[in-house]
Structures are given as C-alpha cells and as structure tokens.
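Visitor: Let's see this in three dimensions:
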Amino acid sequence: MSFVFFVGLFAIGLHTHSQLILLFFVLLCSGKLSKQLLMKWVHAFTIMLSPVCPFFCQHLWMVLGQKGLILDAKWPAAGKTDAGLMRKMDFLGAFSNQMRSRLVKAQVIAKKAQAKNKDLAKLSPPDHCTILVADKYPDWQQKILESLSGVVKETGQLPGNRELVKVLAPMGFSKKEMKDAMAFAAVSKKAYESVGRQALNTTSEFDEIALLNKHLDFITRCVRAGVFGSARLPLLDFRFLDSA
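Guide: Below you'll find the model as predicted:
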C-alpha cells in the first residue's frame, strides 16, 4: 500500500483532528508505528467511511485484499478504553503543544529583536530548556481541590461558577487572592466535568518526569513537526520544582 494512499484516507476522515494527525505522522515518520497496528486502523476506518464514500471505500477494500462487498463487512467494535493511558497521552500532547507554542514565541521575539538591532543578526534559538515539574499543587490550591471534592461527595456534583464563591468564602482569601482562587476553581470544575473525580486529586496519578523522559523522543518529534522543521531542537531537562 502506498504512502499516498494512507495520506489520502487519513486526510478524508480526520481532517479536523489535527492533534491525532500529528501523532500518526510523527510515529509513521519515526518508523515506530507498527505495520500491524496501522493496517488494523486502515481496515477499520475504511469500513467506517464506507457509508459516506461507498464506491471509493469499495475500491480500497479490494486494494486491501478483501473479498465481497464492504457494505456487508462487520462493523468495527471498539475495545475497552484504558482511561489511565488516555490521560497520559493527553498529558504528553498538552505538554508538546505548550513547548511548541513557547518555542514559536521565542522565535518571533528573536526575529523582532534582530529587525531592530542588526548586531543581533547571529542570535541563535535557545539550545537548552529546563522544565520544572511540580509533584503537587501549592497549599492554597490543594485546599480548594479538597473542598470541591467534599462538595462532590456530599451532593454528587459541583455548583455553578457563581455558587463557587460560597464554597471558597470560608477559606479566608483576600479580595486579590479570591480572583485567582475563583479562576483555579472554575478550571478544576471544567476538568471535573470532562474527566471526573480524578480532576480533583491533589497529586498526579503517575510520575510525570518519568513519563516525559520515557517519551522524550516522541515529544521532540512532535515539537519539531510544528516549529523547527529539520532544525536542531533545544536540549530538554526535566526537574522537580522542589529540587530546582
């Protein structure tokens, strides 16, 4: 099966899922994407796309070496989702996006500085990044999370953003601190609505530094795909915030 075929199928079905596209192409170009896994995905996705593009998918079905009509094929059944693994993947994706954004911003700042001062013409991009990883929330944020967890335990849900003020009021925040507290509580509430009770945990459910170091090559390729092209990326160094 040609690379063009794969790209065409991928673009047709997942053109709105940019993060997933980036993930697949990073793995494909790195040579670390299992051919068996890739073919399983192509097989399933061809079937799922067939109601929309029946003639095109019938041709793909034959290219895949399958017999009969694709409309008679059994609909793919999804296996059980590993929620913990998905949260790790979301963490790596969010981290890669933040790194890419920060490095793009650094490039823009460097170009503007060079435009104003020709003596900075040889200004090079950053060659080292130290990432400080906290293993727990600050005390004031832990108190908010514990309070929100208590509300969920009592009522089974979190109140609206306006009602959150009543939850935070007994904590003794100043007017200035209350603004930050409300912002954090609102973000935590949104995360709770998305992933459930684990969003209110005061510590991470996995070792973030170990995960980042284990998948450093993946992170580097994701960041490079969006920022530097084939250029050299900065050396990434991960440390716990308390030891920095």
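Visitor: going forward, measure contacts and count neighbours with C-alpha atoms only.
Guide: Fine.
Visitor: What mean pLDDT does the longest helix seen in the chain get?
Guide: Ranked by residue count under DSSP state H, the longest helix found in the chain is helix 83-116. What helix 83-116 shows for mean pLDDT is 80.
Visitor: now the angle from the helix or strand that comes right after that helix to helix 83-116?
Guide: Later in the chain than helix 83-116, the nearest helix or strand by DSSP states H and E is strand 128-133. Between strand 128-133 and helix 83-116, the angle comes out at 140 degrees (axes from the mean of the first three to the mean of the last three CA atoms, to 10 degrees).
Visitor: Quick check: next helix or strand after strand 128-133?
Guide: Later in the chain than strand 128-133, the nearest helix or strand by DSSP H and E is helix 139-155.
Visitor: Report the central residue of this protein.
Guide: Nearest to the geometric centre of the chain sits residue 93, at 2.5 Å (CA atoms, centre = their mean).
Visitor: For it, give its distance to residue 151.
Guide: Remark: distance between residue 93 and residue 151 (CA to CA, to the nearest Å) = 31 Å.
Visitor: Give the other helices and strands that the helix or strand that residue 48 is a member of contacts.
Guide: Using DSSP H and E, residue 48 falls within helix 35-49. If you count contacts as 3 or more CA pairs under 8 Å, 6 or more residues apart in numbering; DSSP states H and E, helix 35-49 packs onto helix 3-14, helix 54-63.
Visitor: Next, the contact list for residue 78, please.
Guide: Going by CA atoms under 8 Å, 6 or more residues apart in numbering, residue 78 touches no other residue.
Visitor: Am I right that it falls within a helix?
Guide: No - Residue 78 sits outside any helix when classified using DSSP: H, G, I helix; E, B strand; the rest coil, being coil.
Visitor: Show the backbone phi and psi for it.
Guide: Here is the backbone geometry of residue 78 (degrees, to the nearest 10): phi -80, psi 140.
Visitor: Can you give me the pLDDT of it?
Guide: So residue 78 comes in at 78 (pLDDT).
Visitor: Check the helices and strands packed on helix 35-49 for me: which has the lowest mean pLDDT.
Guide: Note on those: lowest mean pLDDT is at helix 3-14, with a mean of 48.
Visitor: The helix holding residue 48: which residues count as buried?
Guide: Neighbour-count burial for helix 35-49 flags 42-48 (criterion: 16 or more other CA atoms under 10 Å).
Visitor: the domain parsing of this structure - what is it?
Guide: Domains of the chain are assigned by automatic domain parsing as 3-72, 83-135+206-243, 139-200.
Visitor: Now stretch 162-173: buried residues?
Guide: Within stretch 162-173, judged by 16+ other CA under 10 Å, the buried ones are 164-165, 167-168.
Visitor: that older thread, from the buried residues of helix 35-49, which single one is nearest residue 65?
Guide: Proximity of the buried residues of helix 35-49 to residue 65 (CA to CA) peaks at residue 43, which lies at 10.3 Å.
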